[in-house]
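Asker: sharing a model that was predicted from the sequence below.
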Amino acid sequence: MDIDTDQLTDVLARLKRVQGQVGGVIRMIEEGQDCSKVVTQLAAASKALDKAGFKIIATGLEQCLLEDVGTRAVDQAELERLFLSLA
């Protein structure tokens with residue numbers, strides 16, 4: 001499933017924020033911050049990654065359905081595997 005990158009600008013922005021969050025988590029660990037704060041930030045980054053993944057899958061599914069309604073362009077097993085990989 002090829003996805004038009006123009007449709008994923010918000011995903012790229014989200015991933016860049018996650019990149020910053022992960023950098024912050026690394027700094028927190030290096031500075032010996034409280035583990036509960038570290039885990040909270042790590043959980044936030046993880047949720048943001050999950051949301052980005054779901055957006056990519058949803059965009060790909062929408063694109064596949066719009067491209068060719070007459071043929072089976074969407075492989076149901078592949079979509080299920082992608083969704084479950086984020087669960």
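Answerer: Structure's in. What do you need?
Asker: in the biggest helix by length in the chain, which residues are buried?
Answerer: Looking across the chain with DSSP state H, the single longest helix is helix 35-67. Within helix 35-67, the residues that qualify as buried are 38, 41-42, 45, 48-49, 52-53, 56-57, 59-61, 63-64, counting by 16 or more other Cβ atoms under 10 Å. Bear in mind the C-beta positions are built from the backbone N, C-alpha and C, glycine included.
Asker: for that helix, what does the pLDDT average out to?
Answerer: Averaging pLDDT along helix 35-67 gives 84.
Asker: what mean pLDDT does whichever helix or strand comes after it have?
Answerer: Toward the C-terminal end, the helix or strand that comes next after helix 35-67 (DSSP states H and E) is helix 76-86. For helix 76-86, the mean pLDDT works out to 73.
Asker: hmm, who's touching helix 76-86?
Answerer: If you take Cβ atoms under 8 Å, 6 or more residues apart in numbering as the criterion, helix 76-86 is touched by Met1, Asp50, Gly53, Phe54, Ile57, Leu61.
Asker: number of nearby residues for Glu30?
Answerer: Counted with other Cβ atoms under 10 Å, the neighbours of Glu30 add up to 8.
Asker: for Leu84, that is, sorry about that
Answerer: Leu84 sits with 8 neighbouring residues when counted by other Cβ under 10 Å.
Asker: next: Thr9.
Answerer: 9.
Asker: for the longest helix of the chain, which helices and strands make contact with it?
Answerer: Packing contacts for helix 35-67, counted by 3 or more Cβ pairs under 8 Å, 6 or more residues apart in numbering; DSSP states H and E, involve helix 9-30, helix 76-86.
Asker: can you tell me which of the ones you listed is packed in deepest?
Answerer: Stretch with highest mean neighbour count among the helices and strands packed on helix 35-67: helix 9-30 (a mean of 13; mean count of other Cβ atoms under 10 Å).
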